[in-house]
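Peer 1: coordinates only, sequence not included:
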């Protein structure tokens, strides 16, 4: 059979230097100038992707989404709306999630230490849902959390960069998360309690709210400083919130020689920060010792970490805060300590 037959020319006319027909299969050619307007009109007047497939004569909906992406059009929001299915699923959520007071106290304690509140935007429905997440390297508490909240267990941990271990993450969302938060509210304290109250006020009784909202829209940085990670946002708000602290009238910090050496290295690098490897080289301490003492200094609001994004990838820098300078002026950190032996 000759390749240059009539059927091959009909299927791919441009290959043989022919113009594509204006009308084919009942609609304009995808390569014609009239197709974009025609396709947009079909998409807008169709109830779902299946109806658009029937109008255009395609075999499946993959070509519909291909042309949407090619022409820069968005998927109509009413294609993903299934209110009846959403109501049925929310009706399956029990009124009481944690049956016993002991389970509620245990879930609250786990959320107080290892949990966080987040949001999830559903593009098809245009709604933002409440999410309660807990992450740990040990799978047993995560499995118990999922069983207590009535949600599925994670099948595998989430991998992280070396040297960090994989993390097991359990998540509860929507109406279930809203009811769990109501039940554990009495056991929470501190900023976790403030975050929970704000979430219960912001979201509707079903755990959803119309529109797109990020976490910072619900929990602003100036009101919830402990949610911050970077130096620019976290450190300034912490210092403002603890401006009444006076080191002169307080008990001296318990800093061993290695901790003082790490602090001295960071003070010498002001205003630039240092990476973990640079701190190890300048202090002479091991990786484990440096990590341990950096956490101790961060817990006392003396050091803050900052993630700097570059073309080659993000860098994690540690910088000394102004309070660390005050601690040195009080004589709690001697100047220019001798480098200790490798710990």
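Peer 2: It's in. Remember, it's a predicted structure, so these values are computed and weren't measured experimentally. Numbers count the residues shown, from 1 in each chain.
Peer 1: Just want the most central residue of this protein.
Peer 2: The centroid of the chain falls nearest to residue 118 when counting by CA atoms, centre = their mean (7.5 Å).
Peer 1: Next, it: phi, psi?
Peer 2: phi -140, psi 180 (degrees, to the nearest 10).
Peer 1: pLDDT weak spots in the stretch 51-200 of the chain?
Peer 2: Judged against pLDDT under 70, the low-scoring parts of the stretch 51-200 of the chain cover residues 80-90, 124.
Peer 1: at 90 what do you get?
Peer 2: 51-100, 121-127, 150-152, 158-165, 174-175 (pLDDT under 90).
Peer 1: count of neighbours near residue 292?
Peer 2: The local packing of residue 292 (other CB atoms under 10 Å) involves 15 other residues. Every C-beta, even on glycine, is put in place using the N, C-alpha and C of the backbone.
Peer 1: For the stretch 1-150 of the chain, which segments count as strands?
Peer 2: Using DSSP state E, counting those that start in this stretch, the strands of the stretch 1-150 of the chain run over residues 23-24, 27-28, 115-122, 127-136.
Peer 1: who wins for proximity to residue 325 among the ones you listed?
Peer 2: strand 115-122 (31.7 Å; CB to CB).
Peer 1: Flag every buried residue along the closest one.
Peer 2: For strand 115-122, a neighbour-count test (16 or more other CB atoms under 10 Å) marks 115, 117-119 as buried.
Peer 1: possible to save those residues as CSV with distance to residue 192?
Peer 2: Converted to CSV, these look like this (distance: CB to CB, whole Å):
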residue, distance to residue 192
115, 8
117, 8
118, 13
119, 16
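Peer 1: So which of these is the closest to residue 59?
Peer 2: Closest approach between these and residue 59, by CB to CB: residue 119, at 38.0 Å.
Peer 1: Just grab the bridge partners of that closest one for me.
Peer 2: Bridge pairing for residue 119 (DSSP bridges) gives the partners residue 130.
Peer 1: how is this protein carved up into domains?
Peer 2: 6-79, 88-224, 247-329 (automatic domain parsing).
Peer 1: how deep is residue 71 tucked in, by neighbour count?
Peer 2: Residue 71, neighbours per other CB under 10 Å, totals 13.
Peer 1: give me every residue that touches it.
Peer 2: Contacts for residue 71 (CB atoms under 8 Å, 6 or more residues apart in numbering) come out as 36, 39-40.
Peer 1: separation between it and residue 112?
Peer 2: Look at residue 71 and residue 112: by CB to CB, to the nearest Å, they are 50 Å apart.
Peer 1: Same check on residue 130?
Peer 2: Applying CB to CB, the value for residue 130 to residue 112 is 17 Å.
Peer 1: Kindly supply the PyMOL command isolating those of the contacts of residue 71 that are buried.
Peer 2: Remark: buried members of the contacts of residue 71, expressed as a PyMOL selection using 16+ other CB under 10 Å:
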select buried, resi 36+39
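Peer 1: Let's have the contacts of residue 71 in JSON lines, adding pLDDT and distance to residue 61.
Peer 2: Output for these, formatted as JSON lines (pLDDT from 0 to 100; distance: CB to CB, whole Å):
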{"residue": "36", "pLDDT": "86", "distance to residue 61": "19"}
{"residue": "39", "pLDDT": "89", "distance to residue 61": "13"}
{"residue": "40", "pLDDT": "89", "distance to residue 61": "16"}
